[in-house]
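Engineer: Return a 3D structure for these sequence lines:
(one chain, ligands or ions: 1)
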Amino acid sequence: MSTISIIAAIADNGAIGKDQQLLCHMPEDLKRFKELTTGHAVIMGRKTFESLPHPLPNRKNVVLTTLPEAGFVDCFACESMGTALDICEKEDEIFIIGGALVYRQALRIADKMYITRIHHEFKEATTFFPVVNWDLWEETDRQEFPADSKNPYPYTFLTYTRKK
Ligand SMILES: NC(=O)c1ccc[n+]([C@@H]2O[C@H](COP(=O)([O-])OP(=O)(O)OC[C@H]3O[C@@H](n4cnc5c(N)ncnc54)[C@H](OP(=O)(O)O)[C@@H]3O)[C@@H](O)[C@H]2O)c1
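Structural biologist: Below you'll find the model as predicted:
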């Protein structure tokens with residue numbers, strides 16, 4: 001059985017995006033994302049896919065869309081989360097990488113969450129992480145970092161596993 005893991009960078013006000021892009025450039029978060037997801041499968045919504053310059057290298061890219069025939073190159077396109085998971089069934093870990101619409105569907109089925117909490121309120125945000133019932137999740141790791149010359153806001157790397 002594959003482990004299904006959500007991975008997201010969420011601001012203190014729950015924001016995850018603005019105008020189909022990320023909220024800010026946080027290289028340490030991108031580094032963690034790359035380290036965790038490389039060699040595994042990533043499942044994303046069509047809008048998140050279109051926000052990327054190209055499919056993520058060294059990962060099986062699976063895009064959810066109601067128009068899978070629309071010509072997605074170097075990735076698998078499919079019409080349901082069930083089909084996306086079937087495509088990834090041989091993977092040891094499957095990462096759900098957003099956006100909001102896809103996180104909402106994944107929250108019901110995920111085993112694990114890797115959250116980067118960005119300590120800032122992005123008032124201008126247009127996309128937000130869905131409401132989480134934290135009673136269902138156990139925090140298993142936490143690392144806190146200050147802002148620095150490259151990362152404009154303080155941030156915390158958090159790992160949660162679903163309670164048994
Ligand atoms: N902070 C973070 O960690 C993070 C991570 C990822 C994304 N983001 C941000 O989130 C924003 C995008 O999120 P979003 O919620 O607007 O869009 P999204 O979830 O990336 O994509 C939504 C689209 O995915 C397709 N889709 C989703 N579920 C489906 C299903 N079950 N069956 C078939 N198709 C399905 C549909 O595509 P069609 O319209 O083609 O049918 C839908 O319009 C951007 O700002 C992005 O930068 C942030």
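Engineer: show me where the protein has strands.
Structural biologist: 3-11, 15-17, 41-45, 60-64, 76-78, 93-96, 112-118, 127-128, 137-145, 155-162 (DSSP state E).
Engineer: okay, these in JSON lines with mean pLDDT next?
Structural biologist: Converted to JSON lines, the strands of the chain look like this (pLDDT from 0 to 100):
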{"stretch": "strand 3-11", "mean pLDDT": "98"}
{"stretch": "strand 15-17", "mean pLDDT": "98"}
{"stretch": "strand 41-45", "mean pLDDT": "98"}
{"stretch": "strand 60-64", "mean pLDDT": "98"}
{"stretch": "strand 76-78", "mean pLDDT": "97"}
{"stretch": "strand 93-96", "mean pLDDT": "98"}
{"stretch": "strand 112-118", "mean pLDDT": "98"}
{"stretch": "strand 127-128", "mean pLDDT": "98"}
{"stretch": "strand 137-145", "mean pLDDT": "98"}
{"stretch": "strand 155-162", "mean pLDDT": "98"}
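Engineer: any chance of those strands in JSON lines, with distance to D86 too?
Structural biologist: C-beta coordinates here come from the backbone N, C-alpha and C atoms, glycine included. As requested, the strands of the chain are exported to JSON lines (distance: least, CB to CB, whole Å):
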{"stretch": "strand 3-11", "distance to D86": "13"}
{"stretch": "strand 15-17", "distance to D86": "26"}
{"stretch": "strand 41-45", "distance to D86": "11"}
{"stretch": "strand 60-64", "distance to D86": "10"}
{"stretch": "strand 76-78", "distance to D86": "8"}
{"stretch": "strand 93-96", "distance to D86": "11"}
{"stretch": "strand 112-118", "distance to D86": "20"}
{"stretch": "strand 127-128", "distance to D86": "27"}
{"stretch": "strand 137-145", "distance to D86": "26"}
{"stretch": "strand 155-162", "distance to D86": "21"}
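Engineer: Can I get these in CSV including distance to A106 and mean neighbour count?
Structural biologist: Listed next are those as CSV, based on distance: least, CB to CB, whole Å; neighbours: other CB atoms under 10 Å:
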stretch, distance to A106, mean neighbour count
strand 3-11, 5, 21
strand 15-17, 13, 22
strand 41-45, 8, 24
strand 60-64, 10, 23
strand 76-78, 15, 19
strand 93-96, 4, 24
strand 112-118, 9, 21
strand 127-128, 15, 19
strand 137-145, 13, 13
strand 155-162, 12, 18
